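A.B. asks: Quick one: sequence and predicted model below, then my questions.
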Amino acid sequence: MPSYPRSELESTMQRWLDLNKQCEERLDWLPLADMFTEDATYGWNVGPNDEFMAVGRDQIREYAVGLEMEGLGGWTYPYMRILIDEVQGEILGLWKQIADATRPDGSHYEIAGLGGSWFRYGGNHQWSWQRDFFDVGNATAAYIEMIQADALSPGMTARIEKMSSGRQPGHYPVGKAPVGLWDGVEPTVLGGN
């Protein structure tokens with residue numbers, strides 16, 4: 001992997017953060033797809049039986065920031081910490097997932113645990129590879145709590161109903177996606193040995 005100037009990685013990440021904020025405000029995440037190379041891959045695990053993978057900018061637009069974000073209007077994803085590795089051209093961003101819906105005590109529903117995105121820079125202020133992670137058990141618990149409290153938006157209710165009707169585009173049995181979650185990653189060796 002080529003190394004990149006830290007300033008270039010920082011400016012690309014700042015563009016990503018600024019665009020995320022705009023997308024949250026507009027309730028439309030589709031513009032995020034323009035920050036990926038044409039041949040980028042974007043995936044995540046969804047528990048022991050399912051994983052998601054979008055291959056190419058078009059699938060990222062249609063599936064990852066399109067279908068997968070349906071019903072999440074009003075949710076915010078503040079990045080809490082960003083780690084940059086200019087030698088490998090990679091960035092790790094840790095974020096929260098916070099619903100706009102609130103509990104009777106006024107606190108927002110939130111998916112507990114760590115959420116994050118691991119980016120590989122592809123030049124020209126675009127990502128060539130992204131992998132997300134989050135706690136599926138905590139996400140499920142948050143959705144169940146919201147269902148029981150009748151706190152889901154109509155869009156989120158429709159999303160859950162659609163997802164429970166069968167495997168959605170971009171979802172594959174674990175190990176069967178066209179690109180593996182770890183494809184393109186070699187084990188790290190410290191000290192040059």
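C.D. replies: Received, thanks.
A.B. asks: Flag the helix or strand of the protein with the lowest per-element mean pLDDT.
C.D. replies: With mean pLDDT, DSSP states H and E as the measure, the helix or strand of the chain carrying the lowest mean pLDDT is helix 154-163 (a mean of 90).
A.B. asks: mind listing what's buried in that helix?
C.D. replies: Using 16 or more other CB atoms under 10 Å as the test for burial, helix 154-163 gives 156, 159, 163. All C-beta spots, glycine's among them, are computed from the backbone N, C-alpha and C.
A.B. asks: could you redo those as CSV and give each row distance to residue 132?
C.D. replies: Compiled in CSV, the buried residues of helix 154-163 are given as follows (distance: CB to CB, whole Å):
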residue, distance to residue 132
156, 19
159, 17
163, 16
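A.B. asks: what's the single longest helix found in the chain packed up against?
C.D. replies: The longest helix of the chain (DSSP state H) is helix 6-26. When contacts are defined as 3 or more CB pairs under 8 Å, 6 or more residues apart in numbering; DSSP states H and E, helix 6-26 packs onto strand 79-85, strand 90-102, strand 108-121.
A.B. asks: Let's have these in a markdown table, adding mean pLDDT and mean neighbour count.
C.D. replies: Formatted as a markdown table, the helices and strands packed on helix 6-26 follow (pLDDT from 0 to 100; neighbours: other CB atoms under 10 Å):
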| stretch | mean pLDDT | mean neighbour count |
| --- | --- | --- |
| strand 79-85 | 98 | 15 |
| strand 90-102 | 97 | 18 |
| strand 108-121 | 97 | 18 |
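A.B. asks: Would you mark the buried spots in the longest helix of the chain?
C.D. replies: Buried residues in helix 6-26, counted by 16+ other CB under 10 Å: 9, 12-13, 16, 20, 23-24.
A.B. asks: remind me which residues of the chain are low pLDDT?
C.D. replies: Counting by pLDDT under 70, the chain has low-confidence residues at 1, 192-193.
A.B. asks: let's go with 50 and repeat that
C.D. replies: In the predicted model, the chain carries pLDDT under 50 at residues 193.
A.B. asks: next helix or strand past the longest helix of the chain?
C.D. replies: strand 36-45 (DSSP states H and E).
A.B. asks: Give me the residues contacting that next one.
C.D. replies: 51-57, 60, 64, 122-124, 126-134, 136, 174, 177, 179, 181, 183-184 (CB atoms under 8 Å, 6 or more residues apart in numbering).
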